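> Pasting the sequence and the predicted coordinates here, then a few questions.
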Amino acid sequence: MSLGVLLLALLPSCLKEANETILVHDPQVIPFITDERWPEELLELFGEDHVHFGDTPPRLDCGFVSNHQYDTTNLPPGLSPEIGSVTPVLHYHRFRNPYLQICEYRTMNSAEGVTHVIDTAFVTGHDNLFTVYCLEKWSTDGGPTLAVVMSGELTGKGVADFRYGYQIVGYADENVPPNVYPVNSVFVFVDPDSLSNYCNW
């Protein structure tokens, strides 16, 4: 038997059946949280201990509600609410459509009542610990863009030790209104009772 005939005879054994599934490894390349889009000052004030690294985060497909207590800021006293004060506004968070280290993030607060959708939020973490980071554009005065970082631990009752921080990285309007916080302002919030309850909103 010639070599050509032998190869033709072996070829069918190398082909897959039409109804078989071939799994292809699909690693995601996501920007590091140390990328310049998430400023160093934000990460320092957020706290390294609260950033959960790892490429095996929990599956984020849940909604929850949190109170926001001012934990830290880079603004001098008198230019922002007092550290330790709790906002009267409830903040709703929703993670959807998780795929490896990317998910959709939706947020709303009880004062505004408008849902903001961020199509691409990046996720790191391990076990039940997660960190999510994204860029978010607000429709408030000046049209600020925020670098956002949040973290916590998924539990049976809600998100424990939820921490949320942002830094204003710019405004869409050329003439920034005088009543807004300046560019590079950083705010970090915690939930005062350390548990943000699950909420299907």
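In hand now; what should we look at? Numbering: from 1, shown residues only.

> Below-threshold pLDDT in the chain: ranges please.
Low-confidence segments of the chain (pLDDT under 70): 1-28.

> Can you name the next helix or strand after the longest strand belonging to the chain?
As assigned by DSSP state E, the longest strand anywhere in the chain is strand 158-171. Counting by DSSP states H and E, the next helix or strand C-terminal to strand 158-171 is strand 186-190.

> Can you tell me what sits against the helix or strand just after that next one?
Using DSSP H and E, the helix or strand that follows strand 186-190 in sequence is strand 195-197. Here strand 195-197 makes contact (CB atoms under 8 Å, 6 or more residues apart in numbering) with F64, V65, S66, H93, G152, T155, K157, G158, V159, A160, F162. In this view, the C-beta of every residue, glycine as well, is placed from N, C-alpha and C.

> Pull out the buried residues from strand 195-197.
Judged by neighbour count using 16 or more other CB atoms under 10 Å, the buried positions of strand 195-197 are L195, S196.

> surely V180 meets G170?
No. In this structure, V180 is not within contact of G170 by CB atoms under 8 Å, at 11.7 Å.

> if I look at these two, which residues touch both of them?
Contacts common to V180 and G170, judged by CB under 8 Å, 6+ apart, are P144.

> for the protein, what spans make up the strands?
63-66, 69-73, 91-99, 102-109, 116-126, 129-137, 144-154, 158-171, 186-190, 195-197.

> Just list whatever residues bridge to the most centrally placed residue in the chain.
Residue closest to the average C-alpha location in the chain (CA atoms, centre = their mean): V132, at 2.7 Å. Beta-bridge pairing of V132 under DSSP bridges involves V123, M150.

> distance of it from E82?
Going from V132 to E82 by CB to CB, to the nearest Å gives 27 Å.

> With G165 instead?
17 Å.

> Next: D191.
From D191 to E82 the distance is 18 Å (CB to CB).

> more neighbours, those two?
D191 (25 against 8; other CB atoms under 10 Å).

> residues touching the more buried one, list them.
With contacts defined as CB under 8 Å, 6+ apart, D191 is in contact with S66, N67, H68, Q69, D161, F162.

> Show me which of the residues you listed are buried.
S66, N67, H68, Q69, F162.

> Could you save the residues you listed as TSV and add columns showing distance to E36?
TSV is the format used below for these (distance: CB to CB, whole Å):
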residue	distance to E36
S66	28
N67	31
H68	26
Q69	29
F162	26
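
> Taking the residues you listed together, which two end up most distant?
Spanning the widest gap among the buried ones among the contacts of D191 are Q69 and F162, at 10.7 Å by CB to CB.

> Between those two, which contacts overlap?
V190, D191.

> ok, back up a step: sheet-wise, list the partners of the longest strand of the chain with their directions.
Strand 158-171 pairs in its sheet with strand 144-154 (antiparallel), strand 186-190 (antiparallel), strand 195-197 (antiparallel), by DSSP bridges.

> Minimum distance to I33: which of those has it?
Comparing the strands paired with strand 158-171 by CB to CB, strand 144-154 comes nearest, at 7.1 Å.
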